[in-house]
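Undergrad: model this:
(one chain, ligands or ions: 1)
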Amino acid sequence: MNIITSLSEMQSTAESLRNQGKRIGFVPTMGFLHEGHLSLMRASRKECDVTVVSIFVNPTQFGPQEDLDRYPRDAEGDRKKCESAGADILFMPGAKEMYPEKPTVFVTVEGVSDILEGAVRPGHFRGVATVVAKLFNIVKPHIAYFGRKDFQQCVVIKRMVTGLNMDVEVSVLPTVREPDGLAMSSRNAYLNADERRAAAVLSRALSAGEELINAGVREAEKVRAKMRAVLLQEKGIVIDYAEVADPETLAPVEIVNNGKVLLVAARLGKIRLIDNLLLV
Ligand code: PAF
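TA: The predicted structure follows:
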């Protein structure tokens, strides 16, 4: 596996791969890799000639009160994981190279960036869209892989790609879960033992919502109430939202039918968790 830290080297490598007719698969990450990331790398390996993984903890997507400084990092462990998953290139740019000066150019995806996560984390999706656009320009992928765990992020990125006519296919793959249902996330590392046990309530709430729908309930308000009730079974939990939404616009719906998405976000102590379930 080739490790690249310079933007210009990554760009010229990508250019030369494209000139050789190679298809580039790209897995952008912020590191502290888990099985969810590895599943994206494996998909890229199957579908593309070359798999590039980036690790960059992107400052522009963190709010001033958020966890940028203590975001979990494990460069050596991540390198080994990428290598064992068969990545060809690990791109690890420095913050000074990605943002040589205070950024003044941003990509904003209006509407879907301002609700749900965007309402709780203002500016977050502007930072995500901006860094993903920059990474696409540097890595020049044919296909970019994202986990459905960050459902709203996937919607924002797809809209950016369509809105700016970017020549990249966005592939969204299923959430990988722990045996008790907790969606894998680098931030799970912050959970203490009690919080870790309690955290599985998010996926239980989603399953309870789905069960209600499978039993024939069509009023979204009843599904929201059910998900909230299940979440509140965990003492001390603070719910940010328990929503039933349209998967394209993320607008709340009144009537549930197939193809809607259930989304939950809640805080356990200082840790904020999100999860979702796409109804088929
Ligand atoms: O999902 C993430 O890890 C990040 O938001 C991403 C897409 C790598 C952008 O920094």
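Undergrad: how about the residues of the stretch 1-150 of the chain that lie near the ligand?
TA: Residues of the stretch 1-150 of the chain that fall close to the ligand, judged by Cβ under 6 Å from any ligand atom: P28, T29, M30, N58, Q61, V128, V131, V132, D150. To be clear about C-beta, it is placed using only N, CA and C from the backbone, and glycine gets the same treatment.
Undergrad: how about 8 Å then?
TA: Counting by Cβ under 8 Å from any ligand atom, the stretch 1-150 of the chain comes close to the ligand at 28-30, 54, 56-58, 61, 127-128, 131-132, 135, 146-147, 150.
Undergrad: Filter those residues down to the buried ones and express that as a ChimeraX selection.
TA: To isolate the buried members of these in ChimeraX, using 16 or more other Cβ atoms under 10 Å:
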select :28,29,30,54,56,57,58,61,127,128,131,132,135,146,147,150
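Undergrad: Which member of the residues of the stretch 1-150 of the chain next to the ligand is positioned nearest V107?
TA: Ranked by distance to V107 (Cβ to Cβ), those are led by V132 at 8.0 Å.
Undergrad: Going by residue numbers, what spans are strands in the stretch 101-250 of the chain?
TA: Remark: strands assigned in the stretch 101-250 of the chain by DSSP state E, counting those that start in this stretch are 143-147, 169-173, 237-245.
Undergrad: okay if I get these as TSV plus mean pLDDT and distance to G269?
TA: TSV is the format used below for the strands of the stretch 101-250 of the chain (pLDDT from 0 to 100; distance: least, Cβ to Cβ, whole Å):
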stretch	mean pLDDT	distance to G269
strand 143-147	99	24
strand 169-173	98	30
strand 237-245	98	9
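Undergrad: With distance to M41 as extra columns, can I get those in TSV?
TA: As requested, those are exported to TSV (distance: least, Cβ to Cβ, whole Å):
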stretch	distance to M41
strand 143-147	8
strand 169-173	11
strand 237-245	29
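Undergrad: Among these, show me which one is buried the most.
TA: Each of those was scored by mean neighbour count; the highest is strand 143-147, a mean of 23, by mean count of other Cβ atoms under 10 Å.
Undergrad: same for that one, what does it pack against?
TA: Applying 3 or more Cβ pairs under 8 Å, 6 or more residues apart in numbering; DSSP states H and E, we find strand 143-147 packed against strand 24-29, helix 35-47, helix 151-163, strand 169-173.
Undergrad: okay if I get the ones you listed as CSV plus distance to N257?
TA: Output for the helices and strands packed on strand 143-147, formatted as CSV (distance: least, Cβ to Cβ, whole Å):
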stretch, distance to N257
strand 24-29, 33
helix 35-47, 29
helix 151-163, 18
strand 169-173, 21
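Undergrad: looking at the ones you listed, which is closest to T13?
TA: Across the helices and strands packed on strand 143-147, closest to T13 is strand 24-29 (Cβ to Cβ), at 9.6 Å.
Undergrad: picking up where we left off before, highest average neighbour count across the helices and strands packed on strand 143-147?
TA: strand 24-29 (a mean of 26).
Undergrad: Run through who's touching that strand.
TA: Here strand 24-29 makes contact (Cβ atoms under 8 Å, 6 or more residues apart in numbering) with 14, 17-18, 37, 40-41, 43-45, 47-56, 87, 131-132, 135-136, 139-146.
Undergrad: try 7 Å this time
TA: With contact meaning Cβ atoms under 7 Å, 6 or more residues apart in numbering, strand 24-29 is reached by 14, 17, 37, 40-41, 44, 47-48, 50-55, 132, 135, 139-145.
Undergrad: what about L263, which SS state?
TA: strand (DSSP: H, G, I helix; E, B strand; the rest coil).
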